[in-house]
Each structure stands twice: as structure tokens, then as C-alpha cells.
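In: here are the coordinates; sequence isn't available:
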């Protein structure tokens with residue numbers, strides 16, 4: 001399998017995940033602002049989740065643009081990432097139905113942390129297949145931002161049992177940290193273009 005084929009497969013799965021997320025949104029049961037206000041927490045959870053899935057997809061896209069070879073271990077690592085991302089619609093639905101209670105709020109962080117760990121493992125496997133001097137290895141370096149994000153997810157999971165809304169604020173902060181695509185890889189791709 002080529003990196004382009006893996007990217008196309010991932011694109012399809014991410015599109016399905018986003019579709020499932022939007023299908024979970026309920027239409028208000030009225031035509032006034034009060035009816036709309038009732039759905040705001042789920043809508044905000046959807047927006048945060050859409051942004052998070054988009055961040056993983058965007059960085060995955062950039063990573064595969066500097067990948068020359070993949071093997072079976074890369075395929076499995078990619079499937080692990082997609083597994084965690086596929087749980088996002090489940091946890092946002094649980095958050096909505098449980099009223100942002102501690103356990104569902106923590107579960108949201110566990111899913112994001114699982115996706116983050118899977119992404120890092122995918123990155124490691126691609127570097128292992130392509131070599132320590134590969135374009136991805138050079139671009140990523142020590143991955144301070146990725147390690148910081150994972151630490152923040154773990155902290156937010158624990159914080160969910162103390163103050164769920166502070167935990168959600170941490171999830172938002174991590175998303176804001178990654179909202180701009182990974183410039184390290186973008187710069188490398190731009191240098192490689194004619």
C-alpha cells in the first residue's frame with residue numbers, strides 16, 4: 001500500500017466520523033431562542049469535537065505528505081488512530097445525555113489522549129520505516145507540542161472528577177494549541193516543492 005492510498009482510506013473514515021457526529025445533533029423542538037438554547041451544550045461539544053477530529057486529520061495529511069514508505073505496522077498504527085477517533089461521536093453523545101458529568105467528561109479526554117498516543121505511535125512507525133534521517137523525523141524532532149498535549153489531556157482527565165468545566169477548558173486549550181497546522185512539516189513540504 002502506498003502512503004497516498006492510506007491517506008485516502010483515512011480521509012474516508014474521517015468523513016464518516018464527522019457525518020456521524022453531525023447526525024447526533026438534534027433539531028430544536030421549537031422555533032424560538034429558548035428552544036435553540038437547549039441544544040447549545042451539544043452544539044459546542046460538536047464544534048470542539050469537529051475541530052479535534054479536523055486537527056488530527058490535518059496533521060495526518062501533512063505527515064503522509066513527507067512519508068515515502070509504509071508497512072504493516074504503519075497500517076495497524078493508523079487503524080488504532082482511527083479507532084480512537086471513531087469513539088468521538090459516542091463520547092459527545094454521552095456528554096450531552098449525562099449533562100457534562102465527571103465520568104463522560106473524563107471519557108472525552110481518554111478518547112482524545114488515546115488518539116494522541118495512537119498518532120505518536122503512527123509517527124514513530126513511519127519514522128522507523130523511513131529512517132531517522134527521513135523528512136518526517138527531521139521535521140518532528142522531539143515533538144514538544146505533542147508531548148505537552150498528551151500531558152494536558154491526562155491532567156484534564158483527572159480534573160474532570162474535580163471540575164468538569166475546567167477539564168473542558170483544557171480540551172479547548174489543546175485544540176487552540178493545534179489549530180494552526182504543524183508548521184514544521186509544512187515548511188519541509190514547501191522546501192521540497194519545485
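Out: Cool, the structure landed. These numbers come from a predicted model, not from an experiment. Numbering: from 1, shown residues only.

In: How confident was the prediction at residue 40?
Out: We have a pLDDT of 85 for residue 40.

In: Next, the buried residues of the longest helix along the chain.
Out: For the chain, the helix with the greatest residue count under DSSP state H is helix 102-130. If you call a residue buried by 16 or more other CB atoms under 10 Å, then helix 102-130 has these buried ones: 104-127, 129-130. Yep, even glycine has a C-beta here, placed from its N, CA and C like the rest.

In: what's the spacing between residue 108 and residue 61?
Out: The gap separating residue 108 from residue 61 is 24 Å, by CB to CB, to the nearest Å.

In: make that residue 78, sorry
Out: The value you get for residue 78 to residue 61, if CB to CB is used, is 12 Å.

In: which residues in the protein form helices?
Out: 3-23, 33-38, 40-65, 72-86, 88-98, 102-130, 135-140, 144-159, 164-178, 183-192.

In: what about residue 101, neighbour count?
Out: Neighbourhood size, residue 101 [other CB atoms under 10 Å]: 15.

In: Contacts only, for it.
Out: residue 164 (CB atoms under 8 Å, 6 or more residues apart in numbering).

In: quick one, phi psi at it?
Out: Torsion angles at residue 101 (phi, psi; degrees, to the nearest 10) stand at phi -70, psi 170.

In: gap between it and residue 160?
Out: Residue 101 is 9 Å from residue 160, by CB to CB.

In: Same check on residue 36?
Out: Shown here: residue 36 relative to residue 160, a distance of 27 Å by CB to CB.

In: Please apply the same query to residue 42.
Out: Taken as CB to CB, the span from residue 42 to residue 160 is 18 Å.

In: ok, residue 82 touching residue 13?
Out: Yes: using CB atoms under 8 Å, residue 82 is in contact with residue 13, at 5.0 Å.

In: Have a look at those two and say which one is more surrounded.
Out: Set residue 82 next to residue 13 and count neighbours by other CB under 10 Å: residue 82 wins out with 21 against 17.

In: contacting residues around the more buried one?
Out: By CB under 8 Å, 6+ apart, the residues touching residue 82 are 10, 13-14.

In: Looking at residue 42 and residue 160 now, which is surrounded by more residues?
Out: Taking neighbours as other CB under 10 Å, residue 42 and residue 160 compare with residue 160 leading, 26 against 17.

In: isn't the more buried one right up against residue 106?
Out: Yes: with contacts counted by CB under 8 Å, residue 160 reaches residue 106, the gap being 3.8 Å.

In: intersection of neighbour lists for those two?
Out: residue 167.

In: where does this protein dip in pLDDT?
Out: 181-182, 184-194 (pLDDT under 70).

In: wait, residue 150 sits on residue 119?
Out: No: in this structure residue 150 lies outside contact range of residue 119 using CB under 8 Å: 9.5 Å.
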